[in-house]
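Provided below are the primary sequence and the corresponding predicted coordinates.
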Amino acid sequence: MRKNEELREKLFYKPEHACKRMSDDEIKTADAFAEGYKKFMTDCKIEREVVEFAVDLASKNGYVAFDNKASYKAGDKVIYNNRGKSVIFAVIGKRNVEEGVRIAAAHIDSPRLDLKPNPLYEDAELALLKTHYYGGIKKYQWTAIPLALHGVIVKADGSSVKVNIGENAGDPKFVVTDLLPHLGAEQMKRTLSEGIKGEELNILIGSRPFKDDEESESVKLNIMNILFEKYGIVEADFLSAELELVPAFAADDIGFDRSLIGAYGHDDKCCAYPGLMAIMDCGTPEYTALTVLADKEEVGSEGNTGLNSAFLSYFICDLARMQGGVGSTALSNSRCLSADVNAGFDPTFPGVYERMNTAFVNKGIVVTKYTGSRGKSGTSDASAEFMGSVRRLFDDNGVVWQIGELGKVDEGGGGTVARYVAYHNIDVVDVGIPVLSMHAPYEVISKLDLYMAYKGFLAFFTK
Ligand code: MN
Ligand code: MN
C-alpha cells in the first residue's frame, strides 16, 4: 500500500457497505434472521398483536409475569405487560440493579387509520366508516390499497372481542376510494398534502341492503346485522373500541438479489424485533437487561402505555427496591439504546439529505447523536462520552454502524422516545435502521441492517 493510501485508511472516516465487513457465513445468518422477521411482520400489525407475540415467545423461553412482591436473583426472567399495549422484558443481571440496567427501547405502534368513536354511516347505498389518522402520514398514500381491520371492541357488558379481518386468505378487505383521473382535474390542483383530506379517508365496507327492508339506511342495517351475528356487537359498541386499519400486505423480499424487505410498519418493529430477540439470547448478563416495547410513539409517546409515562421507571425502581437498593440511583446509573428508525438516503430525492451525515441503507445500524428540528429543538443530544462508549462497544464487537441525521438542518426533523428516557437521568442515544418510504403503507429496509441491530443490542446487553 502506498503511503497516501495507508494514511487515508488510518485517518479518514468512511462507512462502508455491510457486505464488505461481513463474512459469507454471517450474511447467511443475517438472511435467515430476516425470515423470522418477515413472518413476525406479516402476523403482527398492531401494538396489541406484537405484545401478544412477544409475551408468548418469552413465556416459551422461561420468562414469567413480573410480581412486584417477589424478589429475583441473577438469571431470572420477567415480563411486565402494560395493558396489553406495551411490555417490558427483563433478565436480572449478576450485579445489583442499583449499579444500573441496560435498556433497549423500541416502539410497536405504527402510522395507520383509526376508526372514529362513531364511525358507521350509509351514503348512496354504500356503507362506510369514518377514520381519524394516527401518526404522520401522507394521506394520499392510503387510498386504493387493500386494508385490514385490527383491534378490540369492549361491549356494554365488559366482555371484549378481538378483531382481525383482512389478513387471511379468503378474508374480505377494506379500502379508501379515490377519484378517477377523468374527474380529478380540480383535485389534482390541490397540494400533495391536501390531495386527500382527513375527512376523505372513509373506508368502504359494504353495499348490499338488508333484505325486505324499504326504510332508509338498509345497507348500514345489513352491515350491523352481520356484525351482530358474527361478534354480538351493536353500533354503540364502537364507542368503546380501538379499531385500526392497516395495509393488508404481507412482508416480502424486495429486489432481484432479495437484499431488502418491504412491509407495513418497519417503523419501528424493525427495531422492536431485534431488541426482543437480543434479550431472548443474552443469557445471564452482568447488568440487568431490559427490552421495552412501547406504544404511542407516533403520537408523541403520550398516554400510560407510551414512554412519556412512568411505567418504565416504576419498573426499574421496583427491581432496585427488591434488592434493598434505591430506585433513583439505579435509574441514574442506567444506559439506554433508544431504538428507532432513521431516514435512509433515497437517490430519487437527494435534495433533502446532507450526504456526509445521512444514513445509507446497508451501511449498518445508525447511531443518531441528536434528533429534533429547528436547531435541535426537542432532542436529548447524547454526550460525547456516551457516544464514545457506544462507538467502542460496536467497533469491538463487529457491529457495522454509521452515523445519521434526519435530513438537512432546516429541512424538517423528528423526535423519538430518547428524551423521555433521558428525563430519568439515564444515558441514552438513538440507534436504529435506515428506512426508505418511512411512514408509507409499505416501507423498505435492508436485511443486513436488521441483523446489525440485533447484533448491536446483544453486544449492549452482554459486553
Ligand atoms: Mn419510529
Ligand atoms: Mn415514526
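The structure has been received and is ready for your questions. Residues are numbered from 1 along each chain as shown. Ligands and ions are numbered 1, 2, ... in the order given.

strands paired with the helix or strand bottoming out on mean pLDDT in the chain, and their directions?
The weakest-scoring helix or strand in the chain, judged by mean pLDDT, DSSP states H and E, is strand 413-414 (a mean of 81). According to DSSP bridges, strand 413-414 forms sheet pairs with strand 372-373 (antiparallel).

contacts for the partner strand?
378-379, 381, 412-415 (CB atoms under 8 Å, 6 or more residues apart in numbering). No exception for glycine: its C-beta is placed from N, CA and C like everyone else's.

Mind putting those residues into JSON lines with neighbour count and distance to ligand 1?
What follows is these, written out as JSON lines (neighbours: other CB atoms under 10 Å; distance: CB to the ion, whole Å):
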{"residue": "Gly378", "neighbour count": "15", "distance to ligand 1": "14"}
{"residue": "Thr379", "neighbour count": "21", "distance to ligand 1": "15"}
{"residue": "Asp381", "neighbour count": "14", "distance to ligand 1": "18"}
{"residue": "Gly412", "neighbour count": "12", "distance to ligand 1": "15"}
{"residue": "Gly413", "neighbour count": "20", "distance to ligand 1": "13"}
{"residue": "Gly414", "neighbour count": "18", "distance to ligand 1": "8"}
{"residue": "Gly415", "neighbour count": "20", "distance to ligand 1": "9"}
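
Which members of the residues you listed are the farthest-apart pair?
Spatially, the most separated pair among these is Asp381 and Gly412, at 17.7 Å (CB to CB).

Now Gly84: which helix or strand?
Here Gly84, judged by DSSP states H and E, is contained in no helix and no strand.

let me fix that: Tyr314
Counting by DSSP H and E, Tyr314 is part of helix 311-322.

shaky segments in the stretch 51-200 of the chain?
By pLDDT under 70, the stretch 51-200 of the chain contains no weakly predicted segment.

how about the strands in the stretch 251-400 of the chain?
Remark: strands assigned in the stretch 251-400 of the chain by DSSP state E, counting those that start in this stretch are 252-254, 260-263, 289-294, 335-339, 342-343, 365-368, 372-373.

Distance to Asp114 added to the contacts of strand 372-373, as JSON lines?
Converted to JSON lines, those look like this (distance: CB to CB, whole Å):
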{"residue": "Gly378", "distance to Asp114": "24"}
{"residue": "Thr379", "distance to Asp114": "28"}
{"residue": "Asp381", "distance to Asp114": "32"}
{"residue": "Gly412", "distance to Asp114": "24"}
{"residue": "Gly413", "distance to Asp114": "25"}
{"residue": "Gly414", "distance to Asp114": "21"}
{"residue": "Gly415", "distance to Asp114": "21"}
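
Can you tell me which of those residues is nearest Gly184?
The closest of the contacts of strand 372-373, once distances to Gly184 are taken by CB to CB, is Gly412, at 28.0 Å.

Kindly report which one of the strands of the stretch 251-400 of the chain carries the lowest mean pLDDT.
Among the strands of the stretch 251-400 of the chain, strand 372-373 carries the lowest mean pLDDT, a mean of 85.

Measure how far it is from the centre of its chain, please.
20 Å (CA atoms, centre = their mean, to the nearest Å).

all numbers from here: first residue = 62
Let's use 62 as the start, then, which means that last one is strand 433-434.

what does the least confident helix or strand of the chain rub up against?
Contacts of strand 474-475 (CB under 8 Å, 6+ apart): 432-435, 438-439, 467-468.

which of those are buried?
Buried residues within the contacts of strand 474-475, defined by neighbour count using 16 or more other CB atoms under 10 Å: 432-434, 467-468.

Serialize the residues you listed to TSV and add fields for distance to Ser395.
Formatted as TSV, the buried ones among the contacts of strand 474-475 follow (distance: CB to CB, whole Å):
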residue	distance to Ser395
Thr432	20
Gly433	22
Ser434	27
Leu467	25
Gly468	30
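
Need the max-distance pair from these.
Within those, Gly433 and Gly468 form the most distant pair, 11.5 Å apart (CB to CB).

Thanks again, I'm all set now.
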